[in-house]
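Asks: sequence unknown, structure follows:
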């Protein structure tokens with residue numbers, strides 16, 4: 001059986017490393033990044049320069065797009081010069097090389113301004129007084145975007161650009177609004193008891209995106225574990241692609 005060829009842009013970062021290790025036996029995984037991955041073959045190239053990354057896309061079935069400056073506090077100039085260019089170049093390279101699907105690493109920061117509102121502002125402080133976890137109004141992907149800074153704006157851009165490439169060119173574009181993934185794989189502050197996505201749940205979610213039928217042309221999904229105090233709605237993740245997170249941050253309480 002021929003393995004699917006999966007390219008991970010930004011492969012040497014934390015998310016890329018977690019995914020590369022988990023997927024490399026099941027799929028033929030390669031990477032493109034400024035730094036070599038220690039886990040999979042990597043083409044060293046700058047994703048802000050389209051012609052430099054085109055060779056990495058040749059013969060690829062699907063792309064997991066992680067290429068960006070990952071600092072959520074980056075200034076607009078950095079986001080403009082790096083993140084927007086990386087995202088648009090990946091979509092263009094995928095289109096030109098006949099890639100069937102791009103799985104874009106979006107972020108919870110695409111809707112981060114919700115966290116200034118009650119009850120989310122109370123939850124992220126670890127103050128659950130007067131709240132019932134099963135009665136929290138969940139933030140869904142049907143709600144308007146509310147980016148909390150330039151980094152979040154770039155993630156909204158990626159989701160919208162993916163929709164254009166899906167509508168205009170037939171590319172399957174799925175976006176994952178990743179919650180909190182950290183090296184520890186467990187909550188390290190109050191907020192993360194709500195926003196954590198464990199390493200194994202991250203892998204499951206991206207694997208489901210890879211496995212989803214190509215008739216699924218577009219979707220946006222929150223990447224979060226089944227945390228007691230989760231305030232993002234993941235019903236469409238289950239109905240569209242079968243994502244069923246197994247971990248709950250409370251086990252580390």
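Replies: Received, thanks. Remember, it's a predicted structure, so these values are computed and weren't measured experimentally. Numbering: from 1, shown residues only.

Asks: C-alpha from now on. contacts and neighbour counts both.
Replies: Noted.

Asks: distance check, the residue nearest to residue 124 when sequence neighbours are not counted against residue 179.
Replies: Nearest non-adjacent residue to residue 124, counting by C-alpha to C-alpha, 6 or more residues apart in numbering: residue 191, 4.0 Å away. For residue 191, the distance to residue 179 equals 10 Å [C-alpha to C-alpha, to the nearest Å].

Asks: try residue 65
Replies: For residue 65, the distance to residue 179 - C-alpha to C-alpha - is 16 Å.

Asks: next: residue 108.
Replies: The spacing between residue 108 and residue 179, counted by C-alpha to C-alpha, is 6 Å.

Asks: give me the common contacts of the two.
Replies: The contact sets of residue 108 and residue 179 overlap at residue 222 (C-alpha atoms under 8 Å, 6 or more residues apart in numbering).

Asks: neighbours of the residue nearest to residue 60 when sequence neighbours are not counted, just the number please.
Replies: Once flanking residues are discounted, residue 60 sits nearest to residue 5: 5.1 Å by C-alpha to C-alpha, 6+ apart. Using other C-alpha atoms under 10 Å, residue 5 has 19 other residues around it.

Asks: ok now do residue 5, which residues does it touch?
Replies: Going by C-alpha under 8 Å, 6+ apart, residue 5 touches 27, 28, 29, 30, 59, 60, 61, 62.

Asks: over to residue 22?
Replies: Applying C-alpha under 8 Å, 6+ apart to residue 22 gives the contacts residue 203.

Asks: give the buried residues for stretch 59-76.
Replies: Within stretch 59-76, the residues that count as buried by 16 or more other C-alpha atoms under 10 Å are 60, 61, 62, 63, 64, 65, 66, 67, 68, 69.

Asks: among those, which two are most distant?
Replies: Spatially, the most separated pair among the buried residues of stretch 59-76 is 61 and 69, at 24.9 Å (C-alpha to C-alpha).

Asks: from residue 62, how far off is the residue nearest to residue 60?
Replies: Counting by C-alpha to C-alpha, the gap from residue 5 to residue 62 is 7 Å.

Asks: now do the biggest helix by length in the chain, average pLDDT.
Replies: Assignment by DSSP state H gives helix 150-169 as the longest helix of the chain. Averaged across helix 150-169, the pLDDT comes to 98.

Asks: who does whichever strand or helix holds residue 202 touch, helix- and strand-wise?
Replies: Assigned by DSSP states H and E, residue 202 belongs to helix 199-211. Helix 199-211 makes packing contacts with helix 14-23, strand 101-107 when contacts are defined by 3 or more C-alpha pairs under 8 Å, 6 or more residues apart in numbering; DSSP states H and E.

Asks: deepest-packed of the ones you listed, please.
Replies: Most buried of the helices and strands packed on helix 199-211, by mean neighbour count (mean count of other C-alpha atoms under 10 Å): strand 101-107, with a mean of 26.

Asks: appreciated, that's everything.
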